[in-house]
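# can you look at this prediction? I've put the sequence above it.
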Amino acid sequence: MLGFVLRRLIIAIPVLLGILVIAFVFVHLLPGDPVRLLVDPSQLSGAGSTQYLAQKRIELGLDKPLPVQWVLWMREVLTGNLGFSFQQRVPVLQLIQERVGSTVLLTATAVVLAVVVAIPVGVLASLKQNSVLDYLAGATSMLAISIPVFFLGLLAIYVFALQLNVLPSGGRQTLGVPPTLSDTVQHLIMPAAVLAAVLTGPYVRYVRQSMLDVLRQDYITTAVAKGASPFRVVLRHALRNALIPLTTVLAVQIPALLAGTVVIETVFAWPGLGLLVFQSIEGLDYPVILSVVMMSAVLVQLCNLVADVLAAVLDPRIRL
Amino acid sequence: MDVTADRPSLTKGADPILSVRNLETTFAVRNSTIKAVRDVSFDLRPGEILGVVGESGSGKSATVNSLLRLLPPPPTAVTTGSVVYGGEDLLTVPARRLRAIRGKEISMIFQDPSTSFNPVQTIGWQIAEAIKVHDRRISRTAVRARVIELLTMVGVPSPQVRFGQFPHEYSGGMRQRAMIAMALANSPKIIIADEPTTALDVTIQAQILDLLEKVRTETQAATILITHDLGIIAEVADRVLVMYAGKIVESGQVREVFTDPQHPYTLGLLASLPRIDTAMEELLSIPGQPPSMSSPPSGCAFHVRCKLTQGRDRCRQEQPALTAAGGSGSHLAACHFSDEMESEAISIAAIVGTDVRAGTRP
């Protein structure tokens, strides 16, 4: 097991380097010039503007050839320095540290919500195949898959914040008031629920299908023939086996969820990494974009590794 | 195949422990229905081994799975008739009562031990579960001791170690032994073994059959043994039911049925056995295919493959009833022309070179 983990971590290194090269190239291919976005617009024309912009470019290190820039950047990254944000003029690490807690809170809540809803619904749908409940679950999850997440977010804001006025429309806390748990929860409900819906939709279908596959197996009949109660057959035999593929699917879905947070955090003004990425791309803030891309790449690798390890833990037939 | 030897007959005259009457099982599949079991009636007597034989798709498994209501619920599978055990009809007892009977008084041994164990639980856990679901208050140590005792009894070596192993760490034969141990866990009155040796090597088959006989001797449990292998029936069964197209076409003591078959299908099965006492170029087979169970042939379902029919309308139009045949009261067959079986057997003997009926060789 330990050997497997080490091997996977070593393999991850060239993969990460490759991703960072590609990300670096693409970020620099983005249309627009970060220097022109940074400086006072009055400096963009008139006498000396060209020299001024060139001077700024040298200050930011953007004058060097791309490969040199990449190597310089990697050298700093490896020493733990993610650079300074062009826009906010603070270390990127500090920005990320400020934001990462919010995103973790949001995504963790969404994952828990999704699992808590999707597993019972999927299991019931599989047990009552082709019943009203099954069709209802299928239709609802299809709807959740089909509706764009930003629209779902706006719809939620319209209904719960504007019309019913029961939940705040955005942000993480009420401004000017010391943060309390209930205040945070109120702010969290809508973005987490919308993000959870994105995950729950497909997950209900995975759970249902995985359960249907397992319920057909001979060992389910064996369990019934032993005299085990339906409850026991479903939980201890069927669900226990169905969870093996479901854990893998969930672990692999989590990075995809991060992509969802970019939209959700923007719609709900949730001060997390997603919002940070959105703002950084708008402002061509290269160091921030690259740092978040790097974090995502590491997360994808980690989640895949966790998925494999969990599969081995849940399934005694798999030996790593 | 020696079926003429006397069997220990502990069962003569005893009241049946299980009484199946007019069992009918129908599966609903896309746009049609499959009548898998058609009007099956039989008794199981205490301590006997009742063999059920027939081709694939003849309704053997559907019959025994119907007994404990192990088939999918209606409308997918509908079972009618009655299965009386201990004065109760298993087809109508409440689910809770049925669960108390399953695995405790009537237990099952399944065909494929590699798929019949839960892959993610240890063998010990799974056998222990069979005990614990019927006795919630039993202590952990008592269960473990009982499981080890069972594994030892069925011949699993180093049971202490095997207890904690997963199904994939067992060989096929060992898994089937563990399956038998699980079936024996609560000392059931009836054991239903659905093709227990089909998925195993021939040498392992023999060991498992020996084990089943040993189990019968030690536990006095009545056994229903399903197989498509006539050799196994001859080896271990006391009585036999021959099934064709969801119906019982012949039943009786193994000796009667094998020495004096009264249904052409049974004779066909005997004739298609490989033999070493005559030199034959190829095996004799029953012509044609088993019938479609969504629309079984009219009249006698076997008439389309039967040499005895000879175009006679009666076979095509009238379903033969299972009635006394061959002289003894216990021997039943469902054929309009059972009285022509003797000459049919002789004509087959002319082809094969020897009489295919057991125990009648010169």
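Nice, thanks for sending it over.
# CA atoms only: put the longest helix along chain B into PDB for me.
Ranked by number of residues, the top helix in chain B under DSSP state H is helix B:202-219. C-alpha atoms of helix B:202-219 as PDB (Å, rounded to 0.1, in the frame of the first residue of the first chain):
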ATOM      1  CA  VAL B 202     -15.200 -33.700 -11.400                       C
ATOM      2  CA  THR B 203     -12.900 -34.800  -8.600                       C
ATOM      3  CA  ILE B 204     -14.200 -32.000  -6.400                       C
ATOM      4  CA  GLN B 205     -17.800 -33.000  -7.400                       C
ATOM      5  CA  ALA B 206     -17.300 -36.400  -6.000                       C
ATOM      6  CA  GLN B 207     -16.000 -34.900  -2.700                       C
ATOM      7  CA  ILE B 208     -18.900 -32.600  -2.400                       C
ATOM      8  CA  LEU B 209     -21.400 -35.400  -3.100                       C
ATOM      9  CA  ASP B 210     -19.700 -37.500  -0.400                       C
ATOM     10  CA  LEU B 211     -20.100 -34.600   1.900                       C
ATOM     11  CA  LEU B 212     -23.800 -34.200   1.100                       C
ATOM     12  CA  GLU B 213     -24.400 -37.800   1.900                       C
ATOM     13  CA  LYS B 214     -22.400 -37.500   5.100                       C
ATOM     14  CA  VAL B 215     -24.400 -34.500   6.000                       C
ATOM     15  CA  ARG B 216     -27.700 -36.400   5.400                       C
ATOM     16  CA  THR B 217     -26.500 -39.300   7.500                       C
ATOM     17  CA  GLU B 218     -25.400 -37.000  10.400                       C
ATOM     18  CA  THR B 219     -28.200 -34.400  10.400                       C
END
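# skip the chain neighbours and tell me the closest residue to the closest residue to chain B within the stretch 51-200 of chain A.
Chain B sits closest to A:Q129 of the stretch 51-200 of chain A, with a gap of 9.8 Å, by CB to the nearest CB. For every residue, glycine as well, the C-beta is placed using N, CA and C. Closest residue in space to A:Q129, ignoring its immediate chain neighbours: A:L212 at 6.8 Å, by CB to CB, 6 or more residues apart in numbering or on different chains.
# quick one: the one you found and B:N118, what's the gap?
Distance, A:L212 to B:N118, by CB to CB, to the nearest Å: 17 Å.
# which one of the two is surrounded by more residues?
The residue with more neighbours, out of A:L212 and B:N118, is B:N118; 25 against 16, by other CB atoms under 10 Å in any protein chain shown.
# shouldn't that one be within a strand?
No - membership of B:N118 in a strand is not supported by DSSP: H, G, I helix; E, B strand; the rest coil, which gives coil.
# in the host helix or strand of B:R316, what's buried?
If you go by DSSP states H and E, B:R316 is part of helix B:313-317. Within helix B:313-317, the residues that qualify as buried are B:C315, counting by 16 or more other CB atoms under 10 Å in any protein chain shown.
# other residues contacting the following helix or strand past that helix?
Helices and strands here follow DSSP H and E; after helix B:313-317, the next one along the chain is strand B:323-324. Strand B:323-324 has contacts (CB atoms under 8 Å, 6 or more residues apart in numbering or on different chains) with B:331-334.
# go again using 7 Å as the cut-off
Defining contact as CB atoms under 7 Å, 6 or more residues apart in numbering or on different chains, one finds that strand B:323-324 is touched by B:331-332.
# relative to the helix or strand following it, what are the paired strands and their orientations?
Using DSSP H and E, the helix or strand that directly follows strand B:323-324 along the chain is strand B:332-333. The pairing partners recorded for strand B:332-333 under DSSP bridges are strand B:247-253 (antiparallel), strand B:323-324 (antiparallel).
# buried deepest among those, which one?
Ranked by mean neighbour count under mean count of other CB atoms under 10 Å in any protein chain shown, the strands paired with strand B:332-333 are led by strand B:247-253, which reaches a mean of 25.
# contact partners for residue 83?
In the absence of a named chain, chain A is used. A:76, A:92, A:287.
# meant chain B actually
Counting by CB under 7 Å, 6+ apart, B:V83 touches B:18, B:20, B:23, B:67, B:89-91.
# which regions of the stretch 1-150 of chain B sit below the pLDDT cut-off?
B:1-13 (pLDDT under 70).
# the same query, at a cut-off of 50, please.
B:4-11 (pLDDT under 50).
# repeat that for chain A.
In chain A (pLDDT under 50), no residue qualifies.
# now the helices for it?
Under the criterion DSSP H, chain A carries helices at the ranges A:2-29, A:34-38, A:49-60, A:66-78, A:92-127, A:132-146, A:149-156, A:181-215, A:218-226, A:230-232, A:240-267, A:273-282, A:286-314.
# same check, this time on the stretch 251-362 of chain B
B:254-259, B:264-271, B:313-317, B:341-352 (DSSP state H, counting those that start in this stretch).
# any chance of those helices in CSV, with distance to chain A too?
As requested, those are exported to CSV (distance: least, CB to the nearest CB, whole Å):
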stretch, distance to chain A
helix B:254-259, 27
helix B:264-271, 27
helix B:313-317, 37
helix B:341-352, 38
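# pLDDT (mean, whole number) over the longest helix of chain B?
Over the span of helix B:202-219, the pLDDT mean works out to 85.
# what's in contact with that helix?
Outside helix B:202-219, the residues that touch it by CB under 7 Å, 6+ apart are B:49, B:154-155, B:172-173, B:176-177, B:180, B:184, B:187, B:193, B:196-197, B:200, B:221, B:223, B:232, B:235-236.
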